[in-house]
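Chemist: sequence and computational prediction follow.
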Amino acid sequence: MADPTDPSEEELLVLVRTVWEQRDPVPTGLVARMQAAATLAAEAEAGGLDLELMLLVERSEDLAGTRGAPGAAYTMRFSHAGLELLVRLAGARLDGWVVPPVPVTVTVQRAVRHGWADVATLAVGATGRFELPDLAPGLLRLRLEPGTGAPAFQTPAFEL
Amino acid sequence: MSLDRARPAHPQEVWAAASDAFVRWRGGDALALDDLVRVMTPVLWQVVRAHRLPAEVAEDVVQTTWLALVRSRDAVHDPAAVGSWLTTSARREAWRVAKAAGRSLATEDDDLAPRLPDATSPEADVVRRDEDRLLWAAVDRLGERCRRLLRIVAFEHRPDYASVAAELAMPIGSIGPTRGRCLDKLRAELAGGGSDRG
């Protein structure tokens, strides 16, 4: 700045922004949560779909039982309205558990240039267990449709 | 005071990026919505928190704002105005929530506890930390109304004075002059910087 003892209005406003960004930063994960909520609302709006968003409640590096490099596997737990979905990612492999185990149809979607494309659809039985052993890397998300005709659940996007 | 560090994005640039993403999204690029949310969420956070809402409540307000935009995207006629549409909606909702809850929702001061580098940081960081402390103290001495007004003015590109006036319980005609007075006050606090006045 030209004169440090006489800052312009614009320079003062830069300082105010700096102070608040340091002092009250955007919470971790807020942007991702808002992206998930907005995307879901947009899809529900466009397709007249009845969708419920599952929230990521936990994510952990999965060290035990992993022979590869640390961080090669991790587990995520999504939850909404009493239904939980555990997803374990290891390399190209995805394992899923629906808790409590109820029959659902699981659709895996992949981010493509202008939206999302279905990659696979699986019928999950009473065990609540499903697996996809060979997925290409990319940005994925899962949609769970209960057999009861209740609204579908959708996870936020995650990276494989 | 140091002004040479990485500066937060200027609101005008943020508004332009938001407008660009909004145009792409309305044009059929579904992923452009992610860009719009990424660009504007930090601004919405700041203007909502200016209403002293606790973090969870502020997050709900920000989410409500995004859902409202998705539902009424065709109501935003001028893409250049999408940033202002979002910030004005978010402030209005924050104000409504804060009023409905009364004093019970006031942000605890702990909530804004300093998040400065720890004492083991290198010399340069220590100097920076001292500068930050002076800046923060200067902003704190402004008083509630100036602090809130300047926070809004700093993050928004041409904020809507009518809604700001209603939220701060001030006549609309006094927002401009008050903005000037608050900036003068901040300038004076910085000039006298370091003097540890209560």
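Modeler: Arrived safely. Numbering: from 1, shown residues only, chains lettered A, B, ... in the order given.
Chemist: residue ranges with poor pLDDT in the chain?
Modeler: In the absence of a named chain, this looks at chain A. A:1-5, A:48-49, A:62-71, A:114 (pLDDT under 70).
Chemist: not quite, go with chain B.
Modeler: Within chain B, the ranges that satisfy pLDDT under 70 run B:1-7, B:103-126, B:193-198.
Chemist: longest helix in it, please.
Modeler: In chain B, taking DSSP state H as the definition, the longest helix is helix B:82-101.
Chemist: from the contact counts, what lies against it?
Modeler: helix B:11-26, helix B:32-49, helix B:55-71, helix B:161-167 (3 or more CB pairs under 8 Å, 6 or more residues apart in numbering or on different chains; DSSP states H and E). (Glycine included, C-beta is placed from N, CA and C.)
Chemist: want to throw the ones you listed into TSV with distance to chain A and mean neighbour count?
Modeler: Listed next are these as TSV, based on distance: least, CB to the nearest CB, whole Å; neighbours: other CB atoms under 10 Å in any protein chain shown:
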stretch	distance to chain A	mean neighbour count
helix B:11-26	8	19
helix B:32-49	5	24
helix B:55-71	4	20
helix B:161-167	15	17
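Chemist: make CSV out of those and add distance to A:Arg59.
Modeler: Below are these laid out as CSV (distance: least, CB to CB, whole Å):
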stretch, distance to A:Arg59
helix B:11-26, 27
helix B:32-49, 19
helix B:55-71, 18
helix B:161-167, 37
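Chemist: pull out the buried positions in the lengthiest helix in chain A.
Modeler: Longest helix of chain A, by residue count under DSSP H: helix A:30-47. By neighbour count, with 16 or more other CB atoms under 10 Å in any protein chain shown as the criterion, the buried positions of helix A:30-47 are A:30-44.
Chemist: considering only the residues you listed, which also neighbour chain B?
Modeler: Taking CB under 8 Å from any CB of the partner chain, the overlap between those and the neighbourhood of chain B is A:Leu30, A:Val31, A:Arg33, A:Met34, A:Gln35, A:Ala37, A:Ala38, A:Thr39, A:Ala41, A:Ala42, A:Glu43.
Chemist: so what's B:Val43 closest to, chain neighbours aside?
Modeler: B:Phe155 (5.1 Å; CB to CB, 6 or more residues apart in numbering or on different chains).
Chemist: ok, how many other residues are close to A:Val57?
Modeler: Residues near A:Val57, counting by other CB atoms under 10 Å in any protein chain shown, number 11.
Chemist: hmm, I typed the wrong one, I wanted A:Leu13.
Modeler: 21.
Chemist: quick one: contacts for it?
Modeler: By CB atoms under 8 Å, 6 or more residues apart in numbering or on different chains, the contact list for A:Leu13 reads B:Leu150, B:Val153, B:Ala154, B:Leu183.
Chemist: what's the domain layout of chain B?
Modeler: Domain assignment for chain B by automatic domain parsing gives B:9-107, B:122-198.
Chemist: okay, the ones you listed in a markdown table with distance to A:Val124 next?
Modeler: Formatted as a markdown table, the domains of chain B follow (distance: least, CB to CB, whole Å):
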| stretch | distance to A:Val124 |
| --- | --- |
| domain B:9-107 | 27 |
| domain B:122-198 | 46 |
